[in-house]
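Q: Provided below are the primary sequence and the corresponding predicted coordinates.
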Amino acid sequence: MSGTKTFLLELHCEEIPARFLKPLSEEFRAAFSIWAKAQGLANAGLETFYSPRKLAWRGSALPVSQPDQTEIQVGPPQRMCLDADGKPTIQGLKFAEKWGVEVSAVRFEQPAGKKEPCAVVTVTRKGRPTIELLAEALPGLIAGLHVPKAMRWGSSEFEFVRPIRNLLCLFGEEVVPITVDGVTATHTTWGHRLYHRNHPEPVTIASPEAYEAALEAAGVVVSVEARRARMAAQLEALAAEAGGRVVADTELLDTLAEIVEFPKVVRGDFPADFLRLPKEVLVTSLREHQKSFCIEKPDGTDLLPCFLTAANRTDDPAGFVKAGNEWVLKARLYDARFFFAEDRKHPLSERLEKLKALTFQRELGSYHEKTGRVVALTKMLATRLSKDDAHIERALEAARMAKCDLRTLMVGEFPELQGVMGGEYLRHERAHEEVWKAVKEHYRPVGADDAIPSTPMGCLLSLCDKLDTVVGCFAVGLIPSGSKDPLALRRAGQGIVRILWEQAEFAFTPSFLMDTALKVVGPKATKPEAETREALLAFFRDRVGYQLEWVGYAGSVRRSASAAGWEDLSDLKARCEALSAFAEDPRFASLAQSAKRIGNILKDESPAEAFDEAVLSDATEKTLAERLKALEATCEHAHLLAALADLAVPLEAFFNAVMVKCDDPGLRAARLSLLHRLRQAFLRVADFSLWQ
Amino acid sequence: MHIQELILRLQRFWADRGCLIGQPYDLEKGAGTMNPLTFFGALGAKPWNVAYVEPSRRPADGRYGENPFRVYKHLQFQVILKPSPAKVQDLYIESLEALGIDLSKHDLRFEEDNWESPSLGAWGVGWQVVLDGMEISQFTYFQQVGGLDCRPVSAELTYGIERICMFLGGYDNIFDLIHGNVTTDDGVFPVTYGQMRQREEFELSAYSFEHANLDLHRQLFDAYEAEGWHLVNDLGHFLSAYEQALKMSHTFNVLDARGAVSTTERPGIIKRVRDLACACARAYLAHAEGAAVPADAAGKGGAQ
């Protein structure tokens, strides 16, 4: 048998949760590929398809059988297999029998590693038909899929993600005879439920190649990419028709593509007076409750009173889908409006007391206690930034109010609106703009793609909140390690560094912030302070390193700049910027060589700062001494770097012409001091010995 | 469709498909699952199909009868099928058609929604059934009840009666629903849900949000618990003990609606209810499996 055929497997189940579709699909693909390789079946891997009720895989050009395999088998020595007359002995006959060959097929050769000729046969192992191998292996591969939330159903002990109701399994046009939990494979499957209202018979799949087309005719688009693309196009068109644009949300689009078998987007409307709710509330409510997109005006300001959502069918003949979704959405928005009105019956500040009953972290106490610490930190930092008492008082007010919205109905319903609601409620209470904006944005940046708060007060509040979280947790031994960071401290730490990086007037070093926060955490700490400080310093250095990487500086720039000091972030930023401008300058490679040489020479030496210039004898060192004065007088990083680059050639010339550790003690001391002073000048920007 | 018509049709439909028609259990509870017909029925090996209406109380959802969509007490129609039939989804869809929903014109989806009742030690996996964007039913394959594995697995279908009625009739206010008609010598008088229930919503909301005596409820919770353990431990009486667990659960809900339970306290209190419920489940199985449900060989039957 030779040639290839296409393989197709489809598990038709009751609705599989969207979040499991892709992982299961990928897992089977990987397992199949390992299996096929072990069987010697060359193949180009499986294509994957999935929809709410289907997981399917197709592999083209799979050989119809395993290749035949020949093996050489070595037996006893020739002298034991043949008697004196050259006739086979009993042992010789047995060897032939063992491998199922005629005695005449046994030959005598001296294999490598043997001292004498031995009986040898070549055995051919016939490759088995692929369909048999598939039939044997597939039930195990299916049952072996790792299902995070497995279930049982009926009276069976079989476990899977949802009940399997039909198996389609073809190799070419032939059905692969497999049975999984009592379901036997056929060449048929089921299309969309609506399709089968008029077509009670299952859909026949004549060949693996006919799979998508046959199912599309039965109302199912089996490719998730195809469903997503078609929905994206409809979303755009329908939003334009409504006179706006979709509030983009790729995660929501992915979800919608996974929960329908046929992609259809419908547009609905809601009463315009709900637009008086904060925009964030509308977007969140629509997304979380109704898996719907909002439409905003083309300039991105306000929302339009309409929404877009998915339907699992091709059309909406009676308008029921639109009307139903509108009806439900109205109920949801009614609830949101209830929360919004109810929450505002009492000033936000009344929730401060209620924070006592809300635990922040076991050792660190309630959110009320956390608020106290954040207020204290804010006070310490705000007084360093401002002399305006009214301004400082507003910062403290923002700190006191920051966590109050955790006890509001709206945040209870939509936890992701924390901060946003506090800010909105304060705005409605006519709080100072600085205060409500600071509260509203104090969770920012939520991730690497999120902006820092838009106001200095918001940045300060965000900084103090995150600082208390990070330092507090470290002080009670909750330190992230490896992949374990359940409290997302790295994200909080990154937020701190981002704010310091982007908010230049906050000239705080991580050490200073850490010490200040440790004072505030005070008796809550359970770990020795020295240990906590060491761990925090390493943590912040890592975060700063990550920040440099995230901004996009080259490896040489990051390493050499931070080795010359990483704590003063605005200085580090200026040095990285200046260095990046010189990153491609070939003279820096030579400079790096010289810097390494200087480092080696100065190892174990303690040269004096001052030296007598008159002692220097060589022209090259006189040049260096001249340049040194200019270098030391240069403050600006870019000028300093330009001067350093210009130093590459004289330095090389110096090392070629002069032996630093010469016999004349006066000259030697002067040369060492010269190099020491040069190194000091380098280190003001970077440690060039780490430049590559 | 009138509420009573919807209930009658569902009862007829499921009776015709081999279900017993049960009755609501006369104690406050948060969901139809808590009815012993389900809690105990889902345990053990015997076949068990039952359907019934259950008024369900959620004190925190009370809105004083002012919110057109949310109420303190609503009606659930509950179906238990053990073992879960292979065509259970089709059966469910047929039941919707029996209510007059023409599915050729609607969008029906089964979206993942796994159910868990920490106070019953029960969980299952399944879906919320979404019709044109609205959740109309909860569909669950029970995996554990009372801390015990379900073998075989039951399918539980829960229909939200008022929601489905509102949806089918296009009502924007739950209180405008018609429960049914009263016919007298003087004519036919439609009776609305509001006429039957709005005052009750107001009083029960006011009670659970404002007037419930918190100290009394804390004492009651402790007293029910002690009584329950006495019944199940000392006497092996799992049904009367289970009633105490139900009372604990409702008492907790009242306290919770008042915000009288802190986040840290919460898991501990729920665990106290669960521990008693799980003890009842174990005692039930120990008590000669199946003696309580359904009719046994001797024909005594019933939950005695």
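A: Thanks, I have it. For clarity, every value in this text was computed on a predicted model and none was experimentally measured. Numbers count the residues shown, from 1 in each chain, chains lettered A, B, ... in the order given.
Q: bridging residues for A:Gln361?
A: A:Gly365 (DSSP bridges).
Q: right, and it touches A:Phe474 too?
A: No: contact criterion CB atoms under 8 Å: A:Gln361 and A:Phe474 do not qualify, at 11.8 Å. Where you see a C-beta, it was placed from the backbone N, CA and C, and this is true even at glycine.
Q: tell me which of these two has more neighbours.
A: Neighbours were counted for A:Gln361 and for A:Phe474 using other CB atoms under 10 Å in any protein chain shown; A:Phe474 has more, 26 against 17.
Q: contacting residues for the residue of chain A positioned farthest from its centre?
A: Checked against the mean C-alpha position of chain A, the extreme residue using CA atoms, centre = their mean is A:Asp85, at a distance of 76.8 Å. With contact set as CB atoms under 8 Å, 6 or more residues apart in numbering or on different chains, A:Asp85 has no partners.
Q: which of the helices or strands spans it?
A: When secondary structure is defined using DSSP states H and E, no element contains A:Asp85, which sits outside every helix and strand.
Q: the host helix or strand of A:Arg58: what's the following helix or strand?
A: Taking DSSP H and E as the definition, A:Arg58 sits inside strand A:54-63. The first helix or strand that comes after strand A:54-63 along the chain, using DSSP H and E, is strand A:69-77.
Q: please identify the buried residues of the helix or strand that that next one is followed by?
A: The helix or strand immediately downstream of strand A:69-77 is helix A:78-81, counting by DSSP H and E. Burial within helix A:78-81, assessed by neighbour count using 16 or more other CB atoms under 10 Å in any protein chain shown, is assigned to A:Gln78, A:Met80, A:Cys81.
Q: which strands and helices lie in contact with helix A:78-81?
A: Applying 3 or more CB pairs under 8 Å, 6 or more residues apart in numbering or on different chains; DSSP states H and E, one finds that helix A:78-81 makes contact with helix A:90-98, strand A:118-125.
Q: nearest to A:Arg276, of those?
A: strand A:118-125 (78.1 Å; CB to CB).
Q: extract the CA atoms of that closest one and return them as PDB.
A: The C-alpha trace of strand A:118-125 is given here as PDB (Å, rounded to 0.1, in the frame of the first residue of the first chain):
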ATOM      1  CA  CYS A 118      27.600 -15.100  13.700                       C
ATOM      2  CA  ALA A 119      24.200 -16.100  12.300                       C
ATOM      3  CA  VAL A 120      22.500 -13.100  10.800                       C
ATOM      4  CA  VAL A 121      19.000 -12.600   9.300                       C
ATOM      5  CA  THR A 122      17.400  -9.500   7.800                       C
ATOM      6  CA  VAL A 123      13.800  -9.300   9.000                       C
ATOM      7  CA  THR A 124      11.200  -7.100   7.300                       C
ATOM      8  CA  ARG A 125       8.600  -5.600   9.600                       C
END
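Q: what lies in contact with it?
A: For strand A:118-125, contacts defined as CB under 8 Å, 6+ apart pick out A:68-78, A:81, A:92, A:95-96, A:99-101, A:105-111.
Q: does stretch A:321-329 reach chain B?
A: Yes: Stretch A:321-329 lies in contact with chain B when judged by CB under 8 Å from any CB of the partner chain; the contacting residues are A:Val321, A:Ala323, A:Gly324, A:Asn325, A:Trp327, A:Val328, A:Leu329.
Q: nearest spatial neighbour of whichever residue of the stretch 151-300 of chain A sits closest to chain B, skipping sequence neighbours?
A: Among the residues of the stretch 151-300 of chain A, A:Ser155 lies closest to chain B, at 4.1 Å counting by CB to the nearest CB. Once flanking residues are discounted, A:Ser155 sits nearest to B:Pro152: 4.1 Å by CB to CB, 6 or more residues apart in numbering or on different chains.
Q: am I right that the one you found falls within a strand?
A: No: counting by DSSP: H, G, I helix; E, B strand; the rest coil, B:Pro152 is not found in a strand; it is coil.
Q: quick check on it: phi, psi?
A: Backbone dihedrals for B:Pro152, given as degrees, to the nearest 10, come out at phi -70, psi 180.
Q: next: B:Trp48.
A: Summarising the backbone geometry of B:Trp48 under the convention degrees, to the nearest 10, its torsions are phi -160, psi 110.
Q: still on that earlier bit, now do the contacts for the residue of the stretch 151-300 of chain A closest to chain B.
A: Contact criterion CB under 8 Å, 6+ apart gives B:Pro83, B:Arg151, B:Pro152, B:Val153 as the residues in contact with A:Ser155.
Q: returning to that earlier point: as JSON lines, the helices and strands packed on helix A:78-81 with mean pLDDT and mean neighbour count would be great.
A: Supplementary listing: those in JSON lines, determined by pLDDT from 0 to 100; neighbours: other CB atoms under 10 Å in any protein chain shown:
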{"stretch": "helix A:90-98", "mean pLDDT": "89", "mean neighbour count": "15"}
{"stretch": "strand A:118-125", "mean pLDDT": "88", "mean neighbour count": "16"}
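Q: all strands of chain B, in order?
A: Chain-ordered strands for chain B, with DSSP state E as the definition, fall at B:20-21, B:48-57, B:73-82, B:108-112, B:115-117, B:122-131, B:134-145, B:148-149, B:155-160, B:178-184, B:187-192.
Q: out of those, flag the one nearest chain A.
A: The closest approach between chain A and any of the strands of chain B, judged by CB to the nearest CB, belongs to strand B:108-112 at 3.5 Å.
Q: tell me the strands beside that closest one, with direction?
A: Next to strand B:108-112 in the sheet, as set by DSSP bridges, lie strand B:122-131 (antiparallel).
Q: quick one: the strand it pairs with to chain centroid distance?
A: The chain centre lies 14 Å from the centre of strand B:122-131; the measure is CA atoms, centre = their mean, to the nearest Å.
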